[in-house]
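J.: What follows is a predicted protein model with its sequence.
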Amino acid sequence: MVAHSARVRSVVNRFVAVVMVAAAVSACSNDEASREHCGMGASCATTTVHASVPSTSVGASIAPSSTASSPVTTEGPSTTSPSLATTDVGSNTFVVPTGQVRVGSGDVFLVHDDGDLWLHPGLLVGRPGTPVRLADMGDPRVPVTEGEGPNTIEDVAGEVGGVVYFSDCCEPLAGDVRAVTGPDTVAHLGAGISLVLSPDQTRLASSNSFGLYVWDLTTGRFTYRDLNNSAAQRVNPWDLTWSADGRRLIVLYLDERGASLLTYSANDELTPGTGVRLDTRFTPVRPPGVQFCGHGPNGELAIAYYGKDRTVIKFYDPSTLIEKPAIHRELPTGVTSVQLASDGNGLLWIDHSTTWFLPSTGTIRPLGHGYKTAWFAN
């Protein structure tokens, strides 16, 4: 119960940050100092802390299964596209980190209930090795007497060249993008939330209510687009993903009517395209239960909807953004942190702090208890 409350608080904090950032955007000017404050800059400073090894126990729970009942429909193909100036783009350079983290087949990234990020080798293939702590974060279970509590890890993008990249939220409001270069050795790369790695593993992308950011890990080039230079251009990102071919970025953003999808070209211009509104509602005290969770077998966008009575994974055509209801999947209510495997079939999720794995072929099995969020490492 404590872990569930901490997980909810993390989502609420992120939702509050999205709202507060939108309100604070007008305070940011276009000079370099303000741009750094608002999340446009990139830096790399290393800190080192100590590691320890946790116990990994297998917990008991009712294993969910995929079904094929009628999903909640979305509004489509109505389109929406904010008017964004094409001049609000820029670029810079950054130092590409190097590291010694090694990730193998069957490994899993897990955030434990104490908020720390760990690499669990071989967990998916039934040959678990010694877990390695990658980042020592604040414990979200500790009662908060002032402020919103410690930052929580929101997304783990993956490992490239011995470096594991992740983002945390929500102090500062712009979010942080970080690079793990070794056990408990974490460097700060820049700003943003919803960090995602391109399909070819050469670029990182993140977003917040200030902008959209891309790091090229092969050239050290950093590209950004302002998203909130005026009230007429407001886009408040909630989540971000790449298209399966790596040619577009898709933002899931919030406005007064709910949530929508909007595409951007994944080039130096980050040019916005058209979008589609999703059938989801939220209030200031109830964050939207919707999040990208990977791609389908044929490159479809996959979005998890966390509802009152069930969790539904819906799939959308990567070109038109129109839902493909024939291939939706379902999990019980209370499930969180849903992730699709790279083949579009396998599933990883959390159910009341127990991690479950459904391989593409085989049966559901628990991977352990005491976790907040989980990601495939490969």
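T.: Arrived safely, thanks for sending.

J.: Give me the distance between Val177 and Gly275.
T.: Val177 sits 24 Å away from Gly275, going by Cβ to Cβ, to the nearest Å. Quick note: C-beta positions are derived from backbone N, CA and C, even for glycine.

J.: which of the two has more neighbours?
T.: The neighbour comparison of Val177 against Gly275 (other Cβ atoms under 10 Å) goes to Val177, with 26 against 21.

J.: List phi and psi for that one.
T.: As for Val177, its main-chain torsions (degrees, to the nearest 10) stand at phi -110, psi 130.

J.: With the one 5 residues further on instead?
T.: Note on Gly182: backbone dihedrals following degrees, to the nearest 10 are phi -170, psi 170.

J.: How about it: what's its closest non-neighbour residue?
T.: Distance criterion Cβ to Cβ, 6 or more residues apart in numbering; nearest residue to Gly182, sequence neighbours excluded, is Gln100 at 5.0 Å.

J.: measure the one you found to Asp136 for me?
T.: 17 Å.

J.: Compare the two and say which is more crowded by neighbours.
T.: Asp136 (19 against 12).

J.: is it true that that one touches Asp184?
T.: Yes: look at Asp136 against Asp184 with Cβ atoms under 8 Å: they come within range, at 5.5 Å.

J.: Tell me how far Leu197 lies from Gln291.
T.: 16 Å.

J.: Pro366 too?
T.: Applying Cβ to Cβ to Pro366 and Gln291 gives a distance of 22 Å.

J.: Likewise for Thr218?
T.: For Thr218 relative to Gln291 (Cβ to Cβ), the value is 28 Å.

J.: same check, this time on Ala157
T.: Taken as Cβ to Cβ, the span from Ala157 to Gln291 is 15 Å.

J.: And Pro199, by the same measure?
T.: Using Cβ to Cβ, we find Pro199 at a distance of 19 Å from Gln291.

J.: who's more crowded, the two?
T.: Gln291 (21 against 16).

J.: Helices along the chain, start to end?
T.: Using DSSP state H, the helices of the chain run over 2-24, 32-37.

J.: Can you tell me how far Val144 is from Pro150?
T.: 9 Å.

J.: what do the two both touch?
T.: With Cβ atoms under 8 Å, 6 or more residues apart in numbering applied, the contact sets of Val144 and Pro150 do not overlap.

J.: Who has more neighbours out of those two?
T.: Neighbour count, other Cβ under 10 Å: between Val144 and Pro150, Pro150 has more, with 16 against 10.

J.: My guess is the more buried one contacts Met137. True?
T.: Yes: between Pro150 and Met137 there is a contact at 6.3 Å, judged by Cβ under 8 Å.

J.: what is in contact with those two at once?
T.: With Cβ under 8 Å, 6+ apart as the test, Pro150 and Met137 both reach Gly115.

J.: Mind listing what's buried along stretch 311-331?
T.: 311-318, 321, 323, 327-331 (16 or more other Cβ atoms under 10 Å).

J.: between the residues you listed, which is nearest Gly161?
T.: Ranked by distance to Gly161 (Cβ to Cβ), the buried residues of stretch 311-331 are led by Pro318 at 27.6 Å.

J.: For that closest one, give me its contacts.
T.: Pro318 makes contact with Ser243, Ala244, Asp245, His295, Gly299, Glu300, Leu301, according to Cβ under 8 Å, 6+ apart.

J.: Including pLDDT, could those go into CSV?
T.: Converted to CSV, the contacts of Pro318 look like this (pLDDT from 0 to 100):
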residue, pLDDT
Ser243, 95
Ala244, 93
Asp245, 94
His295, 96
Gly299, 94
Glu300, 96
Leu301, 96
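
J.: Could you pick out the buried ones from those?
T.: Applying 16+ other Cβ under 10 Å to the contacts of Pro318 flags Ser243, Ala244, His295, Glu300, Leu301 as buried.

J.: In the residues you listed, find the pair that's most separated.
T.: Based on Cβ to Cβ, the longest span within the buried ones among the contacts of Pro318 runs between Ser243 and Glu300 and measures 10.1 Å.

J.: Could you count how many residues lie near the closest residue to Ser91 other than its chain neighbours?
T.: Leaving aside its chain neighbours, Ser91 sits nearest to Thr223 (4.8 Å; criterion: Cβ to Cβ, 6+ apart). Neighbour count of Thr223, defined by other Cβ under 10 Å: 20.
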